[in-house]
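In: I'll drop the sequence and a predicted model, then ask my questions.
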Amino acid sequence: MIRILLAGQGGQGVLSAGKFLAESGMREGKEVSYLPAYGPEMRGGTANCSVVIAEEPIASPLCVEPDVLIALNSPSFHKFAPRVKSGGIIIVNGSLSDCYAGREDVQVIDLPANDLALEAGDVRAANMAALGVLCAMTGVVRDKSIVNCLQEKFCAKPRVLECNQKAFEAGIGFVNKK
Amino acid sequence: MAKILLHGTEAICEGAIRNGCRAFFGYPITPQNEVPEYMSVKMPQVGGVFVQAESEVAAINMVYGAAGAGIRAMTSSSSPGVSLKQEGISYIACARIPCVIVNIMRAGPGLGGILPAQGDYFQATKGGGHGDYRLIVLSPSSAQEACDFTYRAFDLADRYRVPVMLLADGMIGQLMEPVELPPMRDLRDIPEKDWATSGHYGKDRRVLNSLLIDPEVLEPHVNALKRTYDEIAANECVAESMLTEDAEIVLTAYGTVARICKSAVQALRKQGVKAGWVRPVTLFPFPAETYAKVAAQKSVKVFLDVELSLGQMVEDVRLSVNGRKPVRFYGRTGGNITDEREIVQEALQALASVKEEQ
């Protein structure tokens, strides 16, 4: 079982990234749950979601101590970094945040997500760069499953699909280069 | 059929539509707006009716009318909106009209907040409106159950001619999980309603009324309702339990909190603490016997009831345990959700406190 907490600012695609992840896990025949948490505000507010992917039925859908944290901005990085399970992974958007977690027992990945997304054609695809890193590091779902979801979601918007897919692949490349 | 990823709210709608719901009346309120949104798209596609009413009061009375005419009808709202519906629910219960009411509970009292809570247990299970009546109350804890229980709610409502409430906390509304949808029910399969005010057409005159002003008429009517509630209590109690056989402490909760408690039980077992778990699926009728049986076990030292409230279901748990064992309570309010770490701590404390007393 892997518990993943995705957090960032409303509008950064935190919730969509979580949905892609859950959808991909489900299609691979795994048990999944996706629980969003957001306030009354939309763009500009804070947003996070908890995704659990498991082989066995999922009891609690909460991510109290996530195995992986994806933090797309600085406030969410500092808010949630202390909660990550010892030995866990933090993928932080280094384009918008420092990477000092104040602890040594987790692996912090400094990912220039916004820069990679801009190179891919749209800064809004930063979420996908982070998902690329997640997949490459943990293998929680197959790359192909995420790409399939993207293709279905954006079949009517080829340019959006291209940006997102490129950003996702850039995230994978970022890990493999290391 | 392959599973699809659905929000709890969407799962509720699919459960309703697939069991013949063809009239939906609602008024917007967070966190259940996805229900009317989804219904507004789907109802016209299946030849049903969707009305965004001018208020919650109007919506429940539209349900009264449509369901009275024999249509499977539903309304949904969240806590403050469900309070507004109470008069209509009491009328519907008295007139013996089957329908389904969904409450996606948010934090109260008052307008409260939009985050998950379970503060409407009393209102749902003890008769939120005036007079002696009960609803069948079902409590889902996953998106799949949100679909299945809504589906079942329509059959239960018709069988007993009572309104059925689906009582879900706000987490069910937002949770997305894989759901296997039941097949679409053929409307011709639904048993005919020989009481529905569906038109005279040479039949005997049918009247659905909640004004029974003659005490010699009202008392037998209320007694008949009571017999129905007793029959429901005898036939329809559902509970789930896990690891109670050797348990020293038994955690109990309903809805999504029950799932968090399940994780807490697993964590306690890992620490070597003999923890068990009971979850009522029907809140009315309350599965008292399940609790009584577990309470009678020698191993059991204490129960811990966990809710997103100040303690409501705990009263039914205490009645069911009936003094055989102590029942402790832990709750969070205001839209805050309790997590497994808190529950583990509370459980350890509860166990330690009863061991001291002995």
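Out: Alright, I've got the coordinates.
In: output the set of residues of chain A in proximity to chain B.
Out: A:19, A:22-23, A:26, A:31-37, A:40, A:58-62, A:64-65 (Cβ under 8 Å from any Cβ of the partner chain). For glycine as for every other residue, the C-beta is placed from the backbone atoms N, C-alpha and C.
In: which ones among these map onto strands?
Out: In strands, judged by DSSP state E, the following of the residues of chain A next to chain B are found: A:Glu31, A:Val32, A:Ser33, A:Tyr34, A:Leu35, A:Pro36, A:Ala37.
In: which strand or helix spans B:Val306?
Out: If you go by DSSP states H and E, B:Val306 is part of strand B:302-307.
In: what mean pLDDT would you report for that strand?
Out: Average pLDDT, strand B:302-307: 98.
In: show me the helices in the chain, by range?
Out: All of this refers to chain A. According to DSSP state H, chain A carries its helices in the segments A:14-27, A:74-80, A:113-120, A:126-138, A:143-153, A:158-177.
In: wrong one, I was asking about chain B
Out: So, for chain B - with DSSP H - the helices run B:8-18, B:34-45, B:56-68, B:79-84, B:86-95, B:121-125, B:143-160, B:170-174, B:215-235, B:256-270, B:288-295, B:313-321, B:340-357.
In: tell me which of those helices lies nearest to A:Thr46.
Out: helix B:170-174 (15.3 Å; Cβ to Cβ).
In: hmm, the closest one in reach of chain A?
Out: Yes. Applying Cβ under 8 Å from any Cβ, one finds helix B:170-174 touching chain A at B:Met171, B:Gln174.
In: elements contacting that helix?
Out: With contacts defined as 3 or more Cβ pairs under 8 Å, 6 or more residues apart in numbering or on different chains; DSSP states H and E, helix B:170-174 has these neighbours: strand A:31-38, helix B:8-18, strand B:99-105.
In: burial of B:Ala233, as a residue count?
Out: Per other Cβ atoms under 10 Å in any protein chain shown, the neighbour tally for B:Ala233 reads 17.
In: got the contact list for it?
Out: In this structure, B:Ala233 makes contact with B:Pro285, judged by Cβ atoms under 8 Å, 6 or more residues apart in numbering or on different chains.
In: in PyMOL, how would I select the buried members of the residues of chain A next to chain B?
Out: Buried subset of the residues of chain A next to chain B, written as a PyMOL selection, criterion 16 or more other Cβ atoms under 10 Å in any protein chain shown:
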select buried, chain A and resi 19+22+23+26+31+32+33+34+35+36+37+58+59+60+61+62+64
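In: might you list the low-confidence residue ranges for chain A?
Out: Applying pLDDT under 70 to chain A picks out residues A:39-44.
In: residue at max distance from the center of it?
Out: A:Ala156 (23.6 Å; Cα atoms, centre = their mean).
In: what does chain B give?
Out: In chain B, by Cα atoms, centre = their mean, B:Gly202 is the one farthest from centre (39.3 Å).
In: what does it show for phi and psi?
Out: Dihedral pair for B:Gly202: phi 80, psi -10, per degrees, to the nearest 10.
In: in contact with it, which residues?
Out: Contacts of B:Gly202 by Cβ under 8 Å, 6+ apart: none found.
In: still on that earlier bit, ok, of the helices of chain B, where does mean pLDDT dip lowest?
Out: helix B:170-174 - the lowest mean pLDDT of the helices of chain B, at a mean of 91.
In: and for that one, what's in contact with it?
Out: By Cβ under 8 Å, 6+ apart, helix B:170-174 touches A:35-37, A:61, B:7-9, B:31-32, B:34, B:78, B:104-107, B:114-117, B:140-143, B:146, B:255-256, B:335, B:337.
In: export stretch B:332-351 as PDB, just CAs?
Out: This file holds the C-alpha atoms of stretch B:332-351, laid out as PDB (Å, rounded to 0.1, in the frame of the first residue of the first chain):
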ATOM      1  CA  ARG B 332     -14.100  15.700  16.700                       C
ATOM      2  CA  THR B 333     -16.300  18.500  15.400                       C
ATOM      3  CA  GLY B 334     -16.200  21.700  13.300                       C
ATOM      4  CA  GLY B 335     -15.300  19.800  10.100                       C
ATOM      5  CA  ASN B 336     -12.100  18.300  11.600                       C
ATOM      6  CA  ILE B 337     -11.600  14.700  10.700                       C
ATOM      7  CA  THR B 338     -10.200  12.300  13.300                       C
ATOM      8  CA  ASP B 339      -7.300  10.100  12.100                       C
ATOM      9  CA  GLU B 340      -6.100   6.600  13.000                       C
ATOM     10  CA  ARG B 341      -3.300   8.000  15.300                       C
ATOM     11  CA  GLU B 342      -5.700   9.900  17.500                       C
ATOM     12  CA  ILE B 343      -8.000   6.900  17.700                       C
ATOM     13  CA  VAL B 344      -5.200   4.500  18.600                       C
ATOM     14  CA  GLN B 345      -4.200   6.900  21.500                       C
ATOM     15  CA  GLU B 346      -7.800   7.100  22.700                       C
ATOM     16  CA  ALA B 347      -8.200   3.400  22.500                       C
ATOM     17  CA  LEU B 348      -5.000   2.800  24.500                       C
ATOM     18  CA  GLN B 349      -6.200   5.300  27.100                       C
ATOM     19  CA  ALA B 350      -9.700   3.700  27.300                       C
ATOM     20  CA  LEU B 351      -8.200   0.300  27.800                       C
END
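In: can you list the helices of chain B in TSV and add distance to B:Arg188?
Out: Shown next, in TSV, are these (distance: least, Cβ to Cβ, whole Å):
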stretch	distance to B:Arg188
helix B:8-18	15
helix B:34-45	19
helix B:56-68	19
helix B:79-84	33
helix B:86-95	25
helix B:121-125	33
helix B:143-160	14
helix B:170-174	32
helix B:215-235	26
helix B:256-270	37
helix B:288-295	37
helix B:313-321	40
helix B:340-357	47
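In: so for B:Ile249, which of those helices sits nearest?
Out: Closest among these, using Cβ to Cβ: helix B:340-357, at 5.0 Å.
In: list the buried residues of that closest one.
Out: Result for helix B:340-357 [16+ other Cβ under 10 Å]: buried residues B:Glu340, B:Glu342, B:Ile343, B:Val344, B:Glu346, B:Ala347, B:Leu348, B:Ala350, B:Leu351, B:Val354.
In: list the helices and strands it packs on?
Out: strand B:249-252, helix B:256-270, strand B:302-307, strand B:327-331.
In: mind running it again at 10 Å?
Out: On a contact count with 3 or more Cβ pairs under 10 Å, 6 or more residues apart in numbering or on different chains; DSSP states H and E, helix B:340-357 meets strand B:249-252, helix B:256-270, strand B:275-280, strand B:302-307, strand B:327-331.
In: and A:Phe107, how many neighbours?
Out: I think there's a mix-up here, since residue A:107 is Gln and not Phe. 14.
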